[in-house]
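Engineer: this one's structure only:
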DNA sequence: CGGGTGATTGAGCCCGCTCAACTCTCGTGG
DNA sequence: CCACGAGAGTTGAGCGGGCTCAATCACCCG
């Protein structure tokens, strides 16, 4: 008897295209409490670099920053994770970044071992894991273009458009993170971020009501972010 | 009757840890000619950004650069691919970067649709795809730290150590790519790369016999790359 | 031995960084 | 209700690392 699962595609038709499958639905069908849920206070560490990767995490509410440090304190934030995002997925047994809550944050934990077992049984789960990882690659590729080749103004414009997309209140962006976090995400200093915001405000691309409450003009910002040829 | 495959882990024991599974063995068991093999001349395009992602590629010999462009010509190389590396894996239906051969290069092509079918039947294949993607994420995270926070000297030192690791002739690095390629990989100009090489030569961390034939002192370079805390 | 490409070196400039002062916001307590 | 303090954000002045522009050098090919 054939021990293989019935032949089907690794990319089930109902899941294509990936665009129709935003992060918030990833593993939506899994029991949400494989490892329970947990609340973190602002600035509390969720896991540290080089800690054993026992769980995979999904943001329910709040926001998370994942970063690496150099020995002299320079910090690079690799990703912000917002509600619906999966994070802490590793191919090795240890985390590669440190994860911290930015604001009070609720996450659900999924035991990694049970996820592996599930992925082995269920093509959809395996495909969703693959999609999450491949999506991370795609976003990382765009970030590398930004970090390696864009000006400060282009970086900040790109960042605001990204946040507008991900926070899904188009035109109104309520930033959970500080200027320092933004700076460490964009490879700039907080002063440069602040100056770029002022410059964008002056040029009419955004207006502020409180430093973290931003009303943006997408059309203008898109023009300033020096879109790649894509 | 249970339609699921027999319960087993998504991470088969014999594949752990990921370190023991270098890229050259990824999908080693697949028929190497699902879509045939192909030779590219130096600087020949393999696929373009936004082209349909019909194949996945594996480098047999030579070297490949994958990059993004901004509309004014600024270029960021997202990755170099060396013999054994898999590339062109996408979660969407279109490529996100342009791929070009750096030197005369042989690749094998794997039809993406057959890979999807295989992944759906065979947990090992699905796991290997996942590993390849997750490995890309890990490397991208280190590159973001480099691009966002390291100095020119640290970047070049890091690059040489990476190439020493990947070309596996420890101490002797035979670079297939030009200074311009290195610059676009590290987010620098070719002049800055050249000056950093000279500086490393002066400090005794490397010696050159021809611009692309480098003898390195790993210990000294490791000290200069400002290791992250990991 | 030329011709051409790639690499190195030099001179000067500019964007983003550093250091520092000031402002705004907001929570707390009198 | 206001005063106060602390943290976050903004703004300013000046510096410097890496960029730009340009000349020279090295190494292959004929």
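Structural biologist: Alright, I've got the coordinates. Source: prediction; values computed, not measured. Numbering: from 1, shown residues only, chains lettered A, B, ... in the order given.
Engineer: all helices of chain A, in order?
Structural biologist: Secondary structure of chain A, counting by DSSP state H: helices at A:112-121, A:123-149, A:152-167, A:179-186, A:190-202, A:218-224.
Engineer: which one of the ones you listed lies nearest to residue B:92?
Structural biologist: Closest to residue B:92 of those, according to Cβ to Cβ: helix A:123-149, at 7.3 Å. Any C-beta I mention is one placed from the backbone N, CA and C, and that applies to glycine too.
Engineer: pLDDT on the closest one, on average?
Structural biologist: On average, the pLDDT along helix A:123-149 is 92.
Engineer: my guess is residue A:209 meets residue A:215, correct?
Structural biologist: Yes: counting by Cβ atoms under 8 Å, residue A:209 sits close enough to residue A:215 to count as a contact (7.3 Å).
Engineer: residue A:84 touches residue A:57, doesn't it?
Structural biologist: No: with contact defined as Cβ under 8 Å, residue A:84 does not reach residue A:57; the gap is 11.8 Å.
Engineer: how near is residue A:188 to chain B?
Structural biologist: Here the distance between residue A:188 and chain B works out to 8 Å (Cβ to the nearest Cβ, to the nearest Å).
Engineer: run a quick neighbour tally on that residue.
Structural biologist: 22 (other Cβ atoms under 10 Å in any protein chain shown).
Engineer: and the one 5 residues further on, by the same measure?
Structural biologist: Close neighbours of residue A:193, defined as other Cβ under 10 Å, add up to 23.
Engineer: same check, this time on the one 5 residues further on
Structural biologist: When neighbours are defined as other Cβ under 10 Å, residue A:198 has 12 of them.
Engineer: what comes up buried for stretch A:165-183?
Structural biologist: Buried residues in stretch A:165-183, counting neighbours by 16 or more other Cβ atoms under 10 Å in any protein chain shown, are found at A:166-167, A:173, A:175-177, A:179, A:181-183.
Engineer: tell me, which of those make contact with DNA strand D?
Structural biologist: Within the set of the buried residues of stretch A:165-183, contact with DNA strand D (Cβ under 7 Å from any atom of the strand) is found for residue A:179.
Engineer: quick check, nearest of the buried residues of stretch A:165-183 to chain B?
Structural biologist: Checking the buried residues of stretch A:165-183 against chain B with Cβ to the nearest Cβ, the nearest one is residue A:183 at 9.6 Å.
Engineer: does chain B have contacts with the lowest-mean-pLDDT helix or strand in chain A?
Structural biologist: Of all the helices and strands that make up chain A, the one with the lowest confidence by mean pLDDT, DSSP states H and E is helix A:112-121; it has a mean of 88. Yes: applying Cβ under 8 Å from any Cβ of the partner chain, one finds helix A:112-121 touching chain B at A:113, A:115-121.
Engineer: coming back round to it: who has more neighbours, residue A:84 and residue A:57?
Structural biologist: Counted by other Cβ under 10 Å, residue A:84 and residue A:57 do not tie: residue A:57 has more neighbours, with 23 against 17.
Engineer: quick check: which ranges of chain A have low pLDDT?
Structural biologist: Judged by pLDDT under 70, chain A has its weakly predicted residues at A:1-8, A:12-35, A:227-230.
Engineer: and the residue most central in space within chain A, what is it in contact with?
Structural biologist: Averaging the C-alpha coordinates of chain A gives a centre point, and the residue nearest to it by Cα atoms, centre = their mean is residue A:81 (3.7 Å). Contacts here follow Cβ atoms under 8 Å, 6 or more residues apart in numbering or on different chains; on that basis residue A:81 touches A:59, A:63-66, A:87, A:99.
Engineer: among the residues you listed, which are located in strands?
Structural biologist: Judged by DSSP state E, those include A:59, A:64-66, A:87, A:99 as members of strands.
Engineer: redo the residues you listed as CSV? Include neighbour count.
Structural biologist: Shown next, in CSV, are the ones in strands among the contacts of residue A:81 (neighbours: other Cβ atoms under 10 Å in any protein chain shown):
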residue, neighbour count
A:59, 22
A:64, 24
A:65, 24
A:66, 22
A:87, 24
A:99, 24
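Engineer: closest one to DNA strand C out of those residues, please.
Structural biologist: Using Cβ to the nearest atom of the strand, the shortest approach to DNA strand C within the ones in strands among the contacts of residue A:81 belongs to residue A:65, at 18.0 Å.
Engineer: domains in chain A, as residue ranges please.
Structural biologist: Each structural domain of chain A that the record assigns through automatic domain parsing is listed here as a residue range: A:13-138, A:150-224.
Engineer: could those domains go into JSON lines alongside distance to residue B:142?
Structural biologist: Below are these laid out as JSON lines (distance: least, Cβ to Cβ, whole Å):
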{"stretch": "domain A:13-138", "distance to residue B:142": "8"}
{"stretch": "domain A:150-224", "distance to residue B:142": "14"}
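Engineer: please name whichever of the ones you listed is nearest to residue B:199.
Structural biologist: Taking Cβ to Cβ as the criterion, domain A:13-138 is the member of the domains of chain A that comes nearest to residue B:199, at 19.5 Å.
Engineer: how close does residue A:83 get to residue B:201?
Structural biologist: 51 Å (Cβ to Cβ, to the nearest Å).
Engineer: cool, and residue A:49?
Structural biologist: 33 Å.
Engineer: in terms of neighbours, single out the busier of those two.
Structural biologist: More crowded of residue A:49 and residue B:201, by other Cβ under 10 Å: residue A:49, with 17 against 13.
Engineer: so the more buried one touches residue A:99, yeah?
Structural biologist: No: counting by Cβ under 8 Å, no contact exists between residue A:49 and residue A:99, whose distance comes to 9.1 Å.
Engineer: residue numbers of chain A in contact with DNA strand C?
Structural biologist: Residues of chain A lying close to DNA strand C (Cβ under 7 Å from any atom of the strand) are A:151-153, A:187-189, A:191-192, A:210-211.
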